[in-house]
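Asker: Structure here, sequence nowhere to be found:
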DNA sequence: TTGGTATTTAGCTAAATATCGAAATGATTG
DNA sequence: CAATCATTTCGATATTTAGCTAAATACCAA
């Protein structure tokens, strides 16, 4: 859980997660959205994997990253509830898209 | 807003915020809850101030820190809503203490 | 096998961060 | 005023982080 917060502390990584929220993308597609080098992006992906915020599946030479929304959700909701933020006691399990 | 996430990336600082959620506390009281030195704690307080997550008021020699819950709330809710997490569109404007 | 594409690993630098002890600041109290 | 208390600033060190280029790995196609 500390790793999740560490992962979220970098704007590039937060942006990656936002992109992945729309659809899974390959490392290359993601890298194309940023101005930093591919090795740098690869390091960001590694941080996200360590935090368990994404899943990586390899199809041949390409690797597709997918957001693990439930992990992000658990971290955010857990933190929020320690502060009484947002979601009032009715812990609603809303249909996810 | 990046500063908020950076501030939240350290467990000591998150814990400070949790303590302040219960009541405002002085720098000394807060420091007593941790094993690190006072200068180190002072640096953490500075990060929290820069992120605008706390307010500091000085009464004589002592400084009382107070959580700015609305700032934390805005950051978390803003982030969460980008992911459709938790709090459904009912953007409630809660009165802050 | 050779060449090309996708991605990561290795090795590095520069900058940021966390930590400390010592000293400084500022208020309070004898 | 001098001592003391609360807190921060200073100066130093160690660690972590983000970034780069170059090289390695893995796969695919011809």
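Answerer: Perfect, thanks for sending it. What you see is a predicted model, and the numbers here were worked out from it, not measured in a lab.

Asker: Near DNA strand C, which residues of chain A are found?
Answerer: A:26-29, A:31, A:38-39, A:41-43, A:45-46, A:56, A:61-64 (Cβ under 7 Å from any atom of the strand). Placement of C-beta: from N, CA and C, glycine included.

Asker: Narrow the residues you listed to just the buried residues.
Answerer: Buried members of the residues of chain A next to DNA strand C, scored by 16 or more other Cβ atoms under 10 Å in any protein chain shown, are A:26, A:27, A:31, A:41, A:45, A:63, A:64.

Asker: Those: which ones sit near DNA strand D?
Answerer: Counting by Cβ under 7 Å from any atom of the strand, no member of those reaches DNA strand D.

Asker: will you turn the residues you listed into JSON lines that also has pLDDT and secondary structure?
Answerer: Below are those laid out as JSON lines (pLDDT from 0 to 100; DSSP: H, G, I helix; E, B strand; the rest coil):
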{"residue": "A:26", "pLDDT": "98", "secondary structure": "strand"}
{"residue": "A:27", "pLDDT": "98", "secondary structure": "helix"}
{"residue": "A:31", "pLDDT": "98", "secondary structure": "helix"}
{"residue": "A:41", "pLDDT": "98", "secondary structure": "helix"}
{"residue": "A:45", "pLDDT": "98", "secondary structure": "helix"}
{"residue": "A:63", "pLDDT": "98", "secondary structure": "strand"}
{"residue": "A:64", "pLDDT": "98", "secondary structure": "strand"}
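
Asker: Farthest pair within those residues?
Answerer: A:41 and A:64 (14.3 Å; Cβ to Cβ).

Asker: Tell me where chain A has helices.
Answerer: A:2-8, A:11-22, A:27-32, A:38-50, A:69-82 (DSSP state H).

Asker: Distance to chain B added to these, as CSV?
Answerer: Formatted as CSV, the helices of chain A follow (distance: least, Cβ to the nearest Cβ, whole Å):
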stretch, distance to chain B
helix A:2-8, 5
helix A:11-22, 6
helix A:27-32, 17
helix A:38-50, 12
helix A:69-82, 5
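
Asker: Find the nearest non-adjacent residue to the spatially most central residue of chain A, please.
Answerer: Taking Cα atoms, centre = their mean, the centroid of chain A lies closest to residue A:17, which sits 3.9 Å from it. Spatial nearest neighbour of residue A:17, chain neighbours left out: residue A:67 (6.0 Å); criterion: Cβ to Cβ, 6 or more residues apart in numbering or on different chains.

Asker: low-scoring stretches of chain A, by residue?
Answerer: A:87-97 (pLDDT under 70).

Asker: Understood, closing this out.
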